[in-house]
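J.: Quick check, what structure comes out for this input:
(2 chains)
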Amino acid sequence: MNKNKGWMVLLTMLLITSLLAACSSGGGSSQAGEEISTDPADIKGEITVLTQRTDIVDTVFKDYAVEFNKEYPDVKVNFQALADYEGQVKIRMSTKDYGDVLMIPTSVPIADIPDFFEPLGTYDELKDKYTAIEERMVDGQVYGIPTVITFSGIIYNKQVFKDAGIAEVPKTPEQFQAALQLVKDNTAAIPLYTNYASGWALTQWEADLPTVAGSVDYVNIDQPNTDENFVAGKPHYELYKVLYDAAKNGLIEKDPTTTDWESSKADLANGKIATMALGSWAITQIQGLTDTPDNIGFLPFPTNASDVVVPLAADYNIGMNVNSENKPAAKAWIDWFLAKSNYAVEQGGGMSADKNAELPPILDQYKDVTFSTLTPAKEGQEGLVDKIDNEGEIGLWQPDFKKRIIEAAIGNRSESYDDIMKDLNDKWVKARTELTK
Amino acid sequence: MKYLKISNWGYSAQRIFIICAFSIIPLALLFTFAYLPVINMFQYSFTDWNGYSKRFDYVGFENYTRIFSDPEYFKVFIVSLYYFVATFVQMGLALYFATILSFKIRGKNFFKGILFFPYLLNGVAIGFIFLFFFKPDGTLDTLMQAVGLGQYTQLWLGNPNIINVSLAGASVWRYMGFNFIIFLGAISSIQKDVYEASDIDGANRWQQFRHIILPSITRILQLNLILAISGAISAFDIPYIMTDGSNGSETFVIQTVHLAFKYGKLGLASAMAVVLLFIVILVTLVQRVTMKGEE
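T.: Below is the predicted model of the structure:
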């Protein structure tokens, strides 16, 4: 009897503890349904902004907050910079606590975006104001606006090109290989730095696909509807052939497995590296490391296509946590950040998503080049490329097969370039059949 | 009301209460952070979850059939062989140092500290240290040139034939301290008078090792062997940080991580984790059975 009572007390206590615990975790009530006022004086609260820019979170972003508070004095803005942004945000998104304003991770499937993000407006409302908002759009609602519009190609050191005796900027893959060879023969610089070890830097090559294809339609329209994605003569084959040939001819760094991204920027700035395939966002970072920033140039990716098309692409899209408790304040920050911070040009090394923005001065020499955003996928095919890519474990935007190409080119693998392309194409065809049947 | 006061309870009721009260928190932690994730992992392994969606479908054994029907997924176990071989080097060194340092020698504690230190370091830090170590013209190459072995320098990570040897070497450096400290503990529990007796009988150091130390620590030796082998099968941190599995250094766990987070195949990756779990359990069981037979 005595014993049983003891157990009862114990069980009761357990029950109470668990109830209390449940209460405290469910305690935070949301302010949903509140009247939304747009008057800056009415907007108050504390918001947390997540950013991938660990380098400027304590300097530039602090200044933004000061400027922002001049207009919205009652909003307190906190910043959190994540070093491995994509990886860490992904884990935090399984809870409700992932800041109020954040960059939408590129790996979130488009269809799942409404579960995590608050719509910022309809497409019709925003399409005249911003470029490239189609990318993160679900059912006519826009969930993210690009913080920066970047363009991709080859970043090179003009002084090294001059020392190597390259008279004219290379336009075709043949001219490009010849230029790299000249750099190797006539200077001490590494002709093409792959940044193999960092991995992600290799994914930058994929952004140049539209230039090789010579068309903004290829990526989202043609690609998902072809079984010949990696076949000789097709854009993917030609694009990575440039990488393979350069590696094969010894025009890359001596040991790719030990490359270092941070020092590579300084090396390009100081003429120890001639070229790297990157996005324009890297230009400001590289220029910041040298006394002669004018030496850093940009050239469109070498192509045989008749029209030179440099794709404009959205960098991270800024979005709002659907669980945010201070949505008006978060929205205010997003609007202010896009319109007034000038982040896109000064920190992002690209241009603003604002439709009226002008091309940056580094592009002055390319009057005959078309800068354009990609054509969105046809209705019913949104996200299809990603689905095929994941299903086939190809990794268009992953470093894996680029590493494989480099390894094969420097003789670390027994397969040829054509073997790799055939393997990728087989995976592509298999996954595509699987998904479209 | 009388029963609300714990001191009024009988002795055994109080005892049970105290035992339960003290074990609630550790048990809750154990369940939340050890068992619940494993249960979830089993659940995910039967789905096509991509890691994000609030929805997922159950696909039955499709993930498992995929793993077992595609040799691509199992090929990477060849890399584990390197770590498996390194395991024996690691245990040999650990045993050697533990034996030496259990005898009276000068600077004993200093050497103990040095040998155990790498195990305390963060794996990420070790990865970066060894990246610099293996770089062309890095620490290792400089060292070899200094002692006149310059012509034998290699691309330690660039050469696919030796990359796994290099990585396994770094792994040995890191984990040897752990084996060492366990061996040391086991050896120091041997009674001193046994040594004295053997000294009187004229036994030398090797004989003492062979006939006193080794038989006394067989159990610990087996335990370390099991730990080291399951460690070799699930080798992850050193190759992941240093090379991200590129250039032929991909292990099974790296492959799992890539599938889950690069290709959004959390279901398939969970199934692979389950398979790995069973392989480790199987290896451990086989070892226990064969070891028992020896007794």
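J.: just for chain A, where's the confidence low?
T.: Residue ranges of chain A with pLDDT under 70: A:1-38, A:357-359.
J.: now the helices for the stretch 1-150 of chain B?
T.: B:11-30, B:36-44, B:62-69, B:72-75, B:77-102, B:108-120, B:123-134, B:139-146 (DSSP state H, counting those that start in this stretch).
J.: quick one: the residue nearest to the spatial centre of chain B and chain A, what's the gap?
T.: Nearest residue to the geometric centre of chain B (Cα atoms, centre = their mean): residue B:231, 3.6 Å. Separation of residue B:231 from chain A (Cβ to the nearest Cβ, to the nearest Å) stands at 24 Å. The way it works is simple: take the backbone N, C-alpha and C, and place the C-beta from them, glycine included.
J.: Repeat that for residue B:287.
T.: 34 Å.
J.: quick check, that residue in a strand?
T.: No: Residue B:287: not assigned to a strand; according to DSSP: H, G, I helix; E, B strand; the rest coil it is helix.
J.: Which pLDDT value belongs to it?
T.: Looking at residue B:287, its pLDDT reads 81.
J.: now do residue B:177
T.: pLDDT, residue B:177: 92.
J.: what secondary structure does it sit in?
T.: On the three-state scheme (three-state DSSP), residue B:177 is labelled helix.
J.: so it touches residue B:121, yeah?
T.: No: contact between residue B:177 and residue B:121 fails when scored by Cβ atoms under 8 Å: they sit 9.4 Å apart.
J.: Nearest residue to residue 119 in space, ignoring adjacent ones along the chain?
T.: I went with chain A, as the question did not name one. residue A:141 (4.0 Å; Cβ to Cβ, 6 or more residues apart in numbering or on different chains).
J.: I was thinking of chain B, sorry if that wasn't clear
T.: Closest to residue B:119 by Cβ to Cβ, 6+ apart is residue B:177, at 3.6 Å.
J.: Now do the one you found: how many residues are near it, please.
T.: 22 (other Cβ atoms under 10 Å in any protein chain shown).
J.: try residue B:74
T.: Neighbour tally, residue B:74, other Cβ under 10 Å: 14.
J.: Against residue A:76, how distant is it?
T.: 54 Å (Cβ to Cβ, to the nearest Å).
J.: do residue B:84 as well
T.: In terms of Cβ to Cβ, residue B:84 sits 55 Å off from residue A:76.
J.: Buried residues, stretch A:261-273. List them.
T.: If you call a residue buried by 16 or more other Cβ atoms under 10 Å in any protein chain shown, then stretch A:261-273 has these buried ones: A:264-265, A:267-273.
J.: what's the spacing between it and its chain's center?
T.: 21 Å (Cα atoms, centre = their mean, to the nearest Å).
J.: follow-up on the earlier one: for the residue nearest to residue B:119, list the residues it contacts.
T.: Going by Cβ atoms under 8 Å, 6 or more residues apart in numbering or on different chains, residue B:177 touches B:94, B:115-120.
J.: residues touching residue A:174, list them.
T.: Per Cβ under 8 Å, 6+ apart, neighbours of residue A:174: none.
J.: for residue A:124, same thing?
T.: Residue A:124 touches residue A:140, counting by Cβ under 8 Å, 6+ apart.
J.: so where does it fall, helix or strand?
T.: Assigned by DSSP states H and E, residue A:124 falls within helix A:123-126.
J.: Partner strands of the helix or strand just after that helix, with direction?
T.: Per DSSP H and E, the first helix or strand lying C-terminal to helix A:123-126 is strand A:137-138. Strands flanking strand A:137-138 in the sheet, each with its direction: strand A:141-142 (antiparallel) (DSSP bridges).
J.: Residue B:12 and chain A, how far apart?
T.: 7 Å.
J.: Quick check: that residue vs residue B:20, distance?
T.: 12 Å.
J.: Those two - which one has more neighbours?
T.: More neighbours surround residue B:20 than the other of residue B:12 and residue B:20, with 15 against 11 (other Cβ under 10 Å).
J.: quick one: the more buried one from residue B:5, how far?
T.: Taking Cβ to Cβ, one finds residue B:20 at 17 Å from residue B:5.
J.: Ok, residue A:425 next?
T.: 78 Å.
J.: Those residues of the stretch 1-150 of chain B touching chain A, which are they?
T.: B:3-4, B:9-10, B:12-14, B:16-17, B:20-21, B:24, B:50-54, B:131, B:134-136, B:138 (Cβ under 8 Å from any Cβ of the partner chain).
J.: List buried members of the residues you listed by neighbour count.
T.: Counted by 16+ other Cβ under 10 Å, the residues of the stretch 1-150 of chain B next to chain A give B:9, B:13, B:16-17, B:50-53, B:131, B:134-136, B:138 as buried.
J.: Which one of those is nearest to residue B:207?
T.: residue B:134 (40.6 Å; Cβ to Cβ).
J.: What residues does the nearest residue to the closest one once chain neighbours are set aside make contact with?
T.: Spatial nearest neighbour of residue B:134, chain neighbours left out: residue B:156 (3.9 Å); criterion: Cβ to Cβ, 6+ apart. By Cβ under 8 Å, 6+ apart, the contact list for residue B:156 reads B:134, B:140, B:162-163, B:166.
J.: out of those residues, what pair is the most spread apart?
T.: Of all pairs in those, the most separated under Cβ to Cβ is B:140 and B:163 at 13.5 Å.
J.: contacting residues around the residue nearest to residue A:119?
T.: By Cβ under 8 Å, 6+ apart, the residues touching residue A:141 are A:114, A:119, A:121-123.
J.: can you do 10 Å?
T.: A:113-114, A:117-123, A:125-126 (Cβ atoms under 10 Å, 6 or more residues apart in numbering or on different chains).
J.: picking that back up, let me have the contacts of residue B:177 in TSV, adding neighbour count as columns.
T.: Output for the contacts of residue B:177, formatted as TSV (neighbours: other Cβ atoms under 10 Å in any protein chain shown):
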residue	neighbour count
B:94	24
B:115	20
B:116	15
B:117	10
B:118	17
B:119	16
B:120	9
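J.: Can you report how many residues lie near the closest residue to residue A:269 other than its chain neighbours?
T.: Nearest in space to residue A:269, with sequence neighbours left out and distances taken as Cβ to Cβ, 6+ apart, is residue A:290 at 3.7 Å. Taking other Cβ under 10 Å as the criterion, the count of residues near residue A:290 is 17.
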